[in-house]
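> 3D model of this:
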Amino acid sequence: MAPGSVLETIRSVLQRTMVREFLAEFLSTYVMMVFGLGSVAHMVLGEKLGSYLGVNLGFGFGVTMGIHVAGGISGAHMNAAVTFTNCALGRMAWKKFPVYVLGQFLGSFSAAATTYLIFYGAINHFAGGNLLVTGSKSTANIFATYLPEHMTLWRGFLDEAFVTGMLQLCIFAITDKKNSPALQGTEPLVIGILVAALGISLGMNSGYAINPSRDLPPRFFTFIAGWGKQVFRAGNNWWWVPVVAPLLGSYLGGIVYLCLIHPGVPQVPQRLENYTARNQKMTASPNDGSAPISGSVPLERF
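Okay, here's the model as predicted:
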């Protein structure tokens, strides 16, 4: 096969909608996680170079950058719970669910590997070459969340479900064009501020994973990289909670917003002059549906 035809084949594959959405979720999640995990590494390894506030800002701005990277392609969910909720509420086809989640998981796993390589020397120096999951010299918590001593498994489950529910409810509010949405073009920043605010106000109890794609792939990376089976056994087998609880919490948060707020948003009556003016504008510049009429990011739409 000629090199030209190979390139054409690659281009045609990359232009397919599902492939573009997969790559968009992969890269946006990778960007978010590199910012987030890097900020955690600074807090754990850097003594005075990092802080809990820095972690929240790292993940918040990571979400903002991730949305800028891929918001116009896939919506930049970067979160399997958000994807699940959109599918469960009929806002996205279920056939896209495995595509989105696979992209998110691979992006998150790759970000964990990148973070490990970048901070490899500091990780080894911090614990004298030991890869520990618990204790004051643990480094597994750079990559995944672990329950603190004051929390039980089921209280942690409720905490994760509640915080993720708040996340999804607020995302729906921020992007609801019929309510009081963020100004066009500011959605990435506002959602990033939302993530940072959730961490600052509600993140202490369970580490606010609020995202299966944020927690499980890096945890699996640490298992492979040498931390061992303890990454799954720690905290009374805590690992499954950041996978299941966010799915439930996000779904319930979405239902709460759609049931209590969205139906009550007043509908602006359509006036004849507005209808005529819009028709004239559409006739003058038709849109074949291949691109959005506006340049806004297609995040969560109603």
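
> for the strand or helix carrying residue 24, packing partners?
Assigned by DSSP states H and E, residue 24 falls within helix 17-45. Applying 3 or more Cβ pairs under 8 Å, 6 or more residues apart in numbering; DSSP states H and E, one finds that helix 17-45 makes contact with helix 3-14, helix 52-70, helix 97-118, helix 120-126, helix 212-222. To be clear about C-beta, it is placed using only N, CA and C from the backbone, and glycine gets the same treatment.

> Quick one: closest of these to residue 255.
Closest approach to residue 255 among these (Cβ to Cβ): helix 97-118, 18.0 Å.

> sorry, back to before: which stretch in the helices and strands packed on helix 17-45 is the model least sure about?
Comparing mean pLDDT across these, the weakest is helix 3-14, with a mean of 69.

> What segments of the stretch 101-250 of the chain are helices?
120-126, 153-175, 187-202, 212-222, 230-237, 241-260 (DSSP state H, counting those that start in this stretch).

> Now do the same contact list for the nearest residue to residue 165 once chain neighbours are set aside.
Once flanking residues are discounted, residue 165 sits nearest to residue 253: 3.2 Å by Cβ to Cβ, 6 or more residues apart in numbering. Residues in contact with residue 253 (Cβ atoms under 8 Å, 6 or more residues apart in numbering) are 85, 164-169, 172.

> Check residue 52 too.
Per Cβ under 8 Å, 6+ apart, neighbours of residue 52: 43, 203.

> rerun at 10 Å
Shown in contact with residue 52 (Cβ atoms under 10 Å, 6 or more residues apart in numbering): 39-40, 43, 199-200, 203-204.

> So which of the helices of the stretch 101-250 of the chain is nearest residue 9?
Once those are compared by Cβ to Cβ, helix 212-222 is nearest, at 29.8 Å.

> Number of residues surrounding the closest residue in space to residue 97 that isn't next to it in sequence?
Leaving aside its sequence neighbours, residue 97 sits nearest to residue 87 (Cβ to Cβ, 6+ apart; 5.0 Å). Neighbours of residue 87 under the rule other Cβ atoms under 10 Å: 17.

> so which strand or helix has residue 87?
Here residue 87 is assigned to helix 80-88, by DSSP H and E.

> Can you tell me which helices and strands that helix packs against?
For helix 80-88, the helices and strands in contact under the criterion 3 or more Cβ pairs under 10 Å, 6 or more residues apart in numbering; DSSP states H and E are helix 17-45, helix 97-118, helix 153-175, helix 212-222, helix 241-260.

> sorry, back to before: including pLDDT and neighbour count, could the contacts of residue 52 go into a markdown table?
Formatted as a markdown table, the contacts of residue 52 follow (pLDDT from 0 to 100; neighbours: other Cβ atoms under 10 Å):
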| residue | pLDDT | neighbour count |
| --- | --- | --- |
| 39 | 97 | 25 |
| 40 | 97 | 24 |
| 43 | 96 | 18 |
| 199 | 97 | 23 |
| 200 | 97 | 16 |
| 203 | 95 | 22 |
| 204 | 94 | 14 |
